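**Student:** The following block contains a protein sequence and its predicted model.
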Amino acid sequence: MSKELSRQFKRLNKKEEKILNKKENKLIKSKVTPVMDKVQDKIPEKLKDTLESAFFKGFQLVFEKGNIVIEKTYNKDRLMSDYEVNNYILDKNLNRKSINKLDKYARDSKRLNTSLSFVEGSVLGFFGVGLPDIPIFIGVIMKTIYEIALNYGYKYDNDEEKAFILKLIAAAMGEGEEKLRLNDEVSMLGDSIDKNLEMNIDLDLLVKDTAKTLSDALLVGKFIQGIPLIGALGGTINYTIIKKIAKYAEVKYKKRYLAKKLLMNK
């Protein structure tokens with residue numbers, strides 16, 4: 001069993017390395033081509049602060065009141081029950097088939113939510129709606145992560161797991177050395193949570209940092225999305241972001257799950 005777990009863990013490490021080394025999409029980067037530079041020149045100076053503030057307030061709203069609404073979009077009890085069944089089967093007979101069964105819902109959730117984000121971004125962008133869609137966009141991001149978390153047996157309603165989610169989003173959207181640093185922090189935080197170590201969590205600071213990371217990454221894209229007709233590109237931008245975060249979240253939660261299994265089988 002431990003050999004198969006080790007093989008699975010090695011595959012995940014390779015997948016994670018590929019994600020960390022992947023080049024960014026030009027519409028969600030701050031350092032882009034000369035064409036994008038011209039677009040950036042037309043962006044009002046206040047937009048960055050407004051965007052950052054919108055993301056900050058959006059995350060606060062989700063953590064304070066939003067989970068009740070988000071949880072109405074999926075069957076939480078069924079997801080938890082499915083995890084228990086799949087985890088039991090995996091413990092009894094760990095092989096590639098049982099691992100793939102555990103992964104199935106995470107993949108299905110990723111496909112559904114990326115499609116949802118594409119439609120939402122395209123429709124609102126067509127009418128020149130950029131900033132006002134941020135609460136909805138954050139809701140889709142959190143829905144995606146919550147479903148993946150439940151798929152691997154993790155909750156998301158305590159401060160430690162909220163901190164993990166915020167760090168995860170920031171790392172998924174980071175660039176270069178900053179992305180590598182944040183990835184290490186995500187791994188260390190997940191390990192500390194699973195070992196029940198005491199931690200000092202400053203959620204407000206993490207929300208602020210994550211809001212800044214997202215606003216920096218989406219500045220050009222959200223500006224374009226606010227232009228009628230052309231703003232339909234917002235669907236592509238939102239789709240890319242959700243897919244990016246979902247792919248990374250799937251790797252990090254699965255690594256936490258397998259790491260616990262490895263520890264139990266030593």
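**Tutor:** Arrived safely. Numbers count the residues shown, from 1 in each chain.
**Student:** ok, residue 264 - contacts?
**Tutor:** Contacts for residue 264 were tallied using C-beta atoms under 8 Å, 6 or more residues apart in numbering; there are none. All C-beta atoms are positioned from the backbone trio N, CA, C, and that covers glycine.
**Student:** Could I get the full set of strands for the stretch 51-200 of the chain?
**Tutor:** Defined through DSSP state E, counting those that start in this stretch, the strands belonging to the stretch 51-200 of the chain form an empty list.
**Student:** Check the gap between residue 50 and residue 73 for me.
**Tutor:** When distances are taken as C-beta to C-beta, to the nearest Å, residue 50 and residue 73 turn out to be 28 Å apart.
**Student:** How about residue 193: what's its closest non-neighbour residue?
**Tutor:** residue 160 (4.9 Å; C-beta to C-beta, 6 or more residues apart in numbering).
**Student:** Correct me if wrong: that neighbour contacts residue 203.
**Tutor:** No: because the distance of 9.9 Å does not satisfy C-beta atoms under 8 Å, residue 160 is recorded as not touching residue 203.
**Student:** more neighbours, those two?
**Tutor:** Residue environment comparison for residue 160 versus residue 203 gives the larger neighbour count to residue 160, 18 against 15, counting by other C-beta atoms under 10 Å.
**Student:** Which per-residue confidence value corresponds to the more buried one?
**Tutor:** Predicted confidence (pLDDT) for residue 160: 96.
**Student:** quick one: contacts for it?
**Tutor:** When contacts are taken as C-beta under 8 Å, 6+ apart, residue 160 is in contact with 189, 193, 199, 201.
**Student:** These, buried ones only, as a PyMOL selection?
**Tutor:** The PyMOL command for the buried members of these (criterion: 16 or more other C-beta atoms under 10 Å) is given here:
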select buried, resi 189+193+201
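**Student:** From the contacts of residue 160, which shows the smallest pLDDT?
**Tutor:** Of all the contacts of residue 160, residue 199 has the smallest pLDDT value, namely 89.
**Student:** Now that residue: phi and psi?
**Tutor:** The main-chain torsion angles of residue 199 are listed as degrees, to the nearest 10 and equal phi -140, psi 150.
**Student:** Which residues are in contact with it?
**Tutor:** Applying C-beta under 8 Å, 6+ apart, one finds that residue 199 lies in contact with 160, 163, 189, 192-193.
**Student:** any chance of these in TSV, plus distance to residue 169?
**Tutor:** Listed next are those as TSV, based on distance: C-beta to C-beta, whole Å:
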residue	distance to residue 169
160	15
163	11
189	13
192	18
193	16
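**Student:** Take those residues and keep only those in helices.
**Tutor:** In helices, defined here by DSSP state H, the members of the contacts of residue 199 are 160, 163, 189, 192-193.
**Student:** any idea how far residue 65 is from the nearest residue to residue 159 once chain neighbours are set aside?
**Tutor:** Nearest residue to residue 159, sequence neighbours excluded (C-beta to C-beta, 6+ apart): residue 201, at 4.7 Å. Computed as C-beta to C-beta, the residue 201 to residue 65 distance reads 20 Å.
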